[in-house]
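A.B. asks: Okay, sequence plus prediction incoming.
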Amino acid sequence: NVTITSSTTTLSCVTTTSGLPTCNSSNPNVVTVTRTGTVNTFFLKAVGRSSFTLTSTVSAAKAGGTAQALNVMFVLDATGSMSSSDNNCGIPGVSSPSRFQCAQYSVQSVLKVLNTSIDQAGLMIFPGMASAYNPTSHPCATQPSSVAYYTSPIYYQVGSLNSTYNNGSGSLVTTSPLVQAIGVGVGSGATLTGCVTNKGGQGSYAAEVINKAQAALPTTAGTKNVIIFLSDGDYSSSSFASGNSSKATAQCSQAVTAAQAATTAGTTVYSVAYGAATSGCSTDTSYNPCSTMKAIASDSTRFYS
């Protein structure tokens, strides 16, 4: 029964709290909201008090305050099917983005808000590559050819985990190897074209790369491991190295099993689906692309579509 009489919002630069991004008078890192309201009384009216005033103030800090350190591995579907359009992902200035562009933009958006003082980030793509790839400048070095899954050797990770991706004020650092790989903006709005493309070539199979992502995340006391998996969810590759033909069956189920193993090991798995249909996964009777992406997430609150 509170009647709000005023609300004020102020921005400020706070340097006394540890773990916050750097700030200045034109680049705040804390927002404070104060609301004032009145409450009518009942019994107090008998002594002349018909109402009283309440004021409440709360502050929210950009990127946390006392935050938990993170190791974040993005796993990006770079298969040919990601070239299909997904008009629902809402990239400013891009009228008909591809699924791959949507995923690129998502990775860029997360990198802008991670805290470089405590968070490391890395990137894996699938299908895997014939040689290691670590673009460090533009024009981009040629992305290696894709190879069949379970080839030895096979390379999924682009560069290494690092904390060079943003400047602490929400802008991506173009000299960062991770930003060189993923770009700044997409399509005609890109100010730096990402070196990683969805060249595909071996079909879609996700179980191996999820296992590789989990294995690449270090175990560090006080640091939370995170996998952010971005894909259309349809796994039915026929491209496996010799001796791995058994992997061709139930490929969506294998991806779910790999993700669940990562969750059991303590990693939080986020799943972001682009154009994931309710039919597909032709090698599998247990899942379709959409249900696969849902099941890959550690829980329902970590699934996005």
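C.D. replies: That came in fine, so what should we check first?

A.B. asks: and residue 228, what helix or strand is that in?
C.D. replies: Assigned by DSSP states H and E, residue 228 falls within strand 223-231.

A.B. asks: what are the pairing partners of that strand, and which direction each?
C.D. replies: Take DSSP bridges as the rule and strand 223-231 pairs in its sheet with strand 69-77 (parallel), strand 268-273 (parallel).

A.B. asks: got those as JSON lines, with mean neighbour count and mean pLDDT columns?
C.D. replies: All C-beta atoms are positioned from the backbone trio N, CA, C, and that covers glycine. What follows is these, written out as JSON lines (neighbours: other CB atoms under 10 Å; pLDDT from 0 to 100):
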{"stretch": "strand 69-77", "mean neighbour count": "23", "mean pLDDT": "97"}
{"stretch": "strand 268-273", "mean neighbour count": "23", "mean pLDDT": "98"}
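
A.B. asks: need those in CSV with distance to residue 182, can you?
C.D. replies: Below are the strands paired with strand 223-231 laid out as CSV (distance: least, CB to CB, whole Å):
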stretch, distance to residue 182
strand 69-77, 8
strand 268-273, 14
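
A.B. asks: Residue 252 sits in which helix or strand?
C.D. replies: helix 251-264.

A.B. asks: Ok, residue 53 next?
C.D. replies: Going by DSSP H and E, residue 53 is part of strand 51-61.

A.B. asks: helices and strands around that strand, which ones?
C.D. replies: strand 30-40 (3 or more CB pairs under 8 Å, 6 or more residues apart in numbering; DSSP states H and E).

A.B. asks: so what secondary structure elements neighbour the strand it packs on?
C.D. replies: strand 2-12, strand 51-61.

A.B. asks: how far out from the middle of the chain is the last one?
C.D. replies: Meaning strand 51-61. 34 Å (CA atoms, centre = their mean, to the nearest Å).

A.B. asks: Just give the nearest non-adjacent residue to residue 8, would you?
C.D. replies: residue 34 (5.0 Å; CB to CB, 6 or more residues apart in numbering).

A.B. asks: what's across from the one you found in the sheet?
C.D. replies: Beta-bridge partners, per DSSP bridges, of residue 34: residue 8, residue 57.

A.B. asks: picking up where we left off before, next, the angle from the strand holding residue 53 to strand 2-12.
C.D. replies: 30 degrees (axes from the mean of the first three to the mean of the last three CA atoms, to 10 degrees).

A.B. asks: any idea of the mean pLDDT in strand 51-61?
C.D. replies: Regarding strand 51-61, the rounded mean pLDDT is 91.

A.B. asks: again with stretch 2-20
C.D. replies: pLDDT averaged over stretch 2-20 gives 89.

A.B. asks: So for it, what gets flagged as buried?
C.D. replies: Applying a neighbour-count criterion of 16 or more other CB atoms under 10 Å, the buried positions in stretch 2-20 are residue 20.

A.B. asks: Contacts for the helix or strand containing residue 294 next, please.
C.D. replies: Assigned by DSSP H and E, residue 294 falls within helix 289-296. Outside helix 289-296, the residues that touch it by CB atoms under 8 Å, 6 or more residues apart in numbering are 206, 210, 229, 231-235, 252, 255-256, 259-260, 269, 271-273, 276-281, 287, 300, 303, 305.

A.B. asks: Among those, the buried ones, what's the ChimeraX command?
C.D. replies: Command for ChimeraX that selects the buried part of the contacts of helix 289-296, burial taken from 16+ other CB under 10 Å:
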select :206,210,229,231,232,233,234,235,252,255,256,259,260,269,271,272,273,276,280,281,287,303
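
A.B. asks: dump the residue contacts of the closest residue to residue 97 other than its chain neighbours.
C.D. replies: Distance criterion CB to CB, 6+ apart; nearest residue to residue 97, sequence neighbours excluded, is residue 91 at 4.9 Å. Counting by CB under 8 Å, 6+ apart, residue 91 touches 97, 101, 102, 105, 186, 187, 189.

A.B. asks: Please tell me how far the fourth one sits from residue 179.
C.D. replies: Taken as CB to CB, to the nearest Å, the spacing of residue 105 relative to residue 179 amounts to 13 Å.
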